[in-house]
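**Q** Just a sequence and a predicted model for now, questions to come.
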Amino acid sequence: MAQPASQQLRLVQFVEQLPADRGALVLPVANLEELPTSLRDLTTPERTAIQRALETSEFNFSSPGKLSLRGIGDWQQVVIVAVGEDGRAPDYERAGAIAGRALLSESATVTVIAGAMTGEAVSNFATGFGLGEYRSDLYRAREEGEGDRGAVTVVSGSALLAQSIYENRGRALIAAMNWTRDISNEPGNAVYPEVFVDRARTAFSGVEGIQIDVLDETAMNELGMGAILGVGRGSERPPRLLVVRYTGPGTEDDRPIVLAGKGITFDTGGISIKPRQNMENMRMDMSGAASVTGAVLSLALSRASVNVVAVSALAENMPDGRAIRPGDVLRALNGKTIQVISTDAEGRLVLADGLSWIERNLDAVAVVDVATLTGSVRGALSNDYAGLFSRHDWLATQLLEAGDAAGEPLWRLPIHDSYAQDMRSTVADIRNGSTGNGGGAGTAAYFLGEFISRDIPWAHLDIANMAWSGASDWKPDGSAGFGVRLLDRFVREFEQSMPNGR
């Protein structure tokens with residue numbers, strides 16, 4: 001199936017003076033008091049009309065939202081967006097995304113008056129605007145010229161600084177997020193393990209500091225990666241292990257941070273087949289692999305001085321005559337045997353071999369795996385936080401801080417010693433499902449932890465409740481690209497613990 005057309009984004013430029021062109025106007029505001037600063041270059045009638053509209057609309061400045069006005073001066077549309085009063089980067093990004101999405105069907109040029117915002121805040125807003133322009137209707141027929149839209153001109157007293165930050169980081173983040181969301185949103189007949197690998201090669205083509213390695217079915221057989229091979233056995237499309245290494249400037253001698261992702265390109269549940277309802281959405285079960293690859297793409301495109309590796313364990317889970325059955329026993333790369341209780345608990349199987357391969361081949365300073373692993377994490381955390389599991393407090397703290405700073409929050413959950421009994425098998429070293437006493441997200445994390453040494457700093461992020469959602473005023477239906485911004489920030493700001501630190 002042909003790859004859909006790439007996203008068409010508006011050109012973004014930063015200036016210090018209000019341009020003469022009158023298309024759409026965007027006003028990011030935190031409160032009424034700062035409004036005069038933003039409106040000072042407009043005409044008196046325009047200022048009066050906007051001020052009056054805000055005063056009478058009971059607009060809420062403290063929470064994300066927008067107010068669209070028409071018929072003001074020569075502006076085709078005026079969009080007012082709340083940025084909140086905390087001045088946090090994710091607030092500016094979210095406000096920008098709301099503005100970008102609100103003007104998605106507007107062909108006119110866009111002028112953003114940034115007022116008293118700092119250069120970094122202006123860049124964050126512009127980055128968010130680009131994220132808001134994303135469309136998930138990848139295969140819908142487009143009319144000629146439908147994607148042609150005017151440029152975005154951001155007016156700011158910190159234009160040079162904002163442009164520098166945007167060019168160095170914002171543009172890379174937008175490209176990486178779009179790639180992540182595209183590949184997560186595409187149907188299973190378009191993206192399967194081999195295609196995921198090809199799309200990654202294309203995305204990283206020509207990017208400095210990149211090395212890509214791929215293990216195919218033959219290589220995995222020779223190594224004894226029976227867990228991931230077992231998952232892929234029911235599909236005509238064989239598994240792959242994709243390894244993307246990025247070595248940034250001056251980091252050649254550093255030990256890498258390793259990001260591992262679950263990459264089930266479509267999940268029927270296998271023999272333990274899922275219910276019909278919403279099964280079409282299981283094309284998103286490779287969101288973990290998409291996010292870790294996207295995070296490395298963002299870091300590499302911005303030439304960050306980091307040493308990082310993304311490892312994607314890719315398979316398709318189908319129920320044909322060769323598929324594994326409940327009760328089967330698989331042997332993972334590290335030699336541990338796994339009794340399959342449910343073939344729908346396949347994500348932990350592919351990651352078992354992925355984590356074992358990482359331990360054997362990469363001298364990682366830390367390992368973070370990302371997976372749409374369990375439905376139970378939604379029961380615990382709703383749609384407010386992704387689940388974080390780790391036996392290393394310092395690593396968990398850094399991930400929590402990165403998630404908060406990026407606007408992708410995490411909540412730490414336990415890996416309790418009692419889970420060992422829940423995962424005990426009478427015929428193998430471990431089961432891939434618990435005995436049914438609850439703690440589904442925790443027992444899944446415990447399972448993964450059995451396939452990486454306790455001496456290696458490791459954390460698991462269960463993003464099953466955060467990776468995919470319906471449309472909102474800042475994103476369309478489908479993938480949220482959750483984890484890209486979090487991991488980008490985590491890797492940039494990573495600090496290794498003291499040798500004896502937990």
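**A** Noted; the coordinates are in hand.

**Q** Strands of the stretch 101-250 of the chain, start to end?
**A** 110-113, 152-155, 210-215, 240-247 (DSSP state E, counting those that start in this stretch).

**Q** Could you tell me how far the third one lies from the centre of the chain?
**A** For strand 210-215, the distance between its averaged C-alpha position and the chain's averaged C-alpha position is 21 Å (C-alpha atoms, centre = their mean, to the nearest Å).

**Q** what packs against it?
**A** Judged by 3 or more C-beta pairs under 8 Å, 6 or more residues apart in numbering; DSSP states H and E, strand 210-215 is in contact with helix 193-204, strand 240-247. Bear in mind the C-beta positions are built from the backbone N, C-alpha and C, glycine included.

**Q** any idea of the mean pLDDT for it?
**A** When pLDDT is averaged along strand 210-215, the result is 98.

**Q** what are the phi and psi values for L25?
**A** Main-chain dihedrals, L25, degrees, to the nearest 10: phi -120, psi 130.

**Q** Just name the most buried of the helices and strands packed on strand 210-215.
**A** Among these, strand 240-247 has the highest mean neighbour count (mean count of other C-beta atoms under 10 Å), at a mean of 23.

**Q** now the next helix or strand after that one and strand 240-247, what's the angle there?
**A** Past strand 240-247, further along toward the C-terminus, the next helix or strand under DSSP states H and E is strand 257-267. Counting by axes from the mean of the first three to the mean of the last three C-alpha atoms, to 10 degrees, strand 257-267 points 150 degrees away from the direction of strand 240-247.

**Q** Distance to M423 for the strands of the stretch 101-250 of the chain - can I get that in JSON lines?
**A** Supplementary listing: the strands of the stretch 101-250 of the chain in JSON lines, determined by distance: least, C-beta to C-beta, whole Å:
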{"stretch": "strand 110-113", "distance to M423": "53"}
{"stretch": "strand 152-155", "distance to M423": "52"}
{"stretch": "strand 210-215", "distance to M423": "27"}
{"stretch": "strand 240-247", "distance to M423": "24"}
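
**Q** which residues of the stretch 101-250 of the chain score low on pLDDT?
**A** For the stretch 101-250 of the chain, the stretches flagged by pLDDT under 70 are 143-147.

**Q** For burial, what's the neighbour tally of the closest residue to A366 other than its chain neighbours?
**A** Spatial nearest neighbour of A366, excluding adjacent residues (C-beta to C-beta, 6 or more residues apart in numbering): P457 at 4.3 Å. Neighbours of P457 under the rule other C-beta atoms under 10 Å: 23.

**Q** What residue spans form the domains of this protein?
**A** What automatic domain parsing lists as the domains of the chain is 12-167, 188-492.

**Q** Least confident of the ones you listed, on average?
**A** Here the domains of the chain differ in mean pLDDT, and the lowest is domain 12-167 at a mean of 92.

**Q** What does T435 show for phi and psi?
**A** Main-chain torsions, T435, degrees, to the nearest 10: phi -80, psi 0.

**Q** Leaving out the residues flanking it, which one is nearest to it?
**A** Ranked by C-beta to C-beta, 6+ apart and with sequence neighbours excluded, the top spatial neighbour of T435 is D422, at 5.2 Å.

**Q** ok so, going back, with distance to P476 as added columns, please give the helices and strands packed on strand 210-215 in a markdown table.
**A** Formatted as a markdown table, those follow (distance: least, C-beta to C-beta, whole Å):
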| stretch | distance to P476 |
| --- | --- |
| helix 193-204 | 20 |
| strand 240-247 | 27 |
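
**Q** I'd like to know which of the ones you listed is closest to A471.
**A** A471 lies closest, by C-beta to C-beta, to one member of these: helix 193-204, at 24.3 Å.

**Q** got the angle between that closest one and strand 210-215?
**A** Taking the same axes, to 10 degrees, one finds helix 193-204 and strand 210-215 inclined to each other by 170 degrees.

**Q** any residues touching helix 193-204, and which ones?
**A** Outside helix 193-204, the residues that touch it by C-beta atoms under 8 Å, 6 or more residues apart in numbering are 3, 179, 183, 191, 210, 212, 214, 232, 237-240, 242, 244, 263, 265, 286, 289, 293, 297, 300, 312, 314-316.

**Q** Can you give me the first-to-last residue distance of stretch 187-198?
**A** Stretch 187-198 has its terminal residues 16 Å apart, counting by C-alpha to C-alpha, to the nearest Å.

**Q** what distance separates that stretch from the middle of the whole chain?
**A** Offset of stretch 187-198 from its chain centre (C-alpha atoms, centre = their mean): 18 Å.

**Q** on that earlier part again, doesn't N432 make contact with the residue nearest to T435?
**A** No - the pair D422 / N432 is not scored as a contact, 11.7 Å apart, by C-beta atoms under 8 Å.

**Q** Tell me where the stretch 401-502 of the chain has strands.
**A** Using DSSP E, counting those that start in this stretch, strands in the stretch 401-502 of the chain cover 410-412, 430-431, 458-462, 468-469, 478-479.

**Q** Tell me which of the ones you listed is the most buried.
**A** Greatest average neighbour count among those goes to strand 458-462 (a mean of 29), per mean count of other C-beta under 10 Å.

**Q** What lies in contact with stretch 248-259?
**A** For stretch 248-259, using C-beta under 8 Å, 6+ apart, the contacting residues are 209, 245, 292, 295-296, 299-300, 303-311, 358, 362-370, 487, 491, 494.

**Q** So the spatially closest residue to F494 that is not a sequence neighbour versus N465, what's the distance?
**A** Once flanking residues are discounted, F494 sits nearest to I257: 5.8 Å by C-beta to C-beta, 6+ apart. Separation of I257 from N465 (C-beta to C-beta, to the nearest Å): 25 Å.

**Q** Ok, E359 next?
**A** From E359 to N465 the distance is 28 Å (C-beta to C-beta).

**Q** what does A20 give?
**A** For A20 relative to N465 (C-beta to C-beta), the value is 48 Å.

**Q** Could you count how many residues lie near P409?
**A** Look at P409: counted by other C-beta under 10 Å, it has 17 neighbours.
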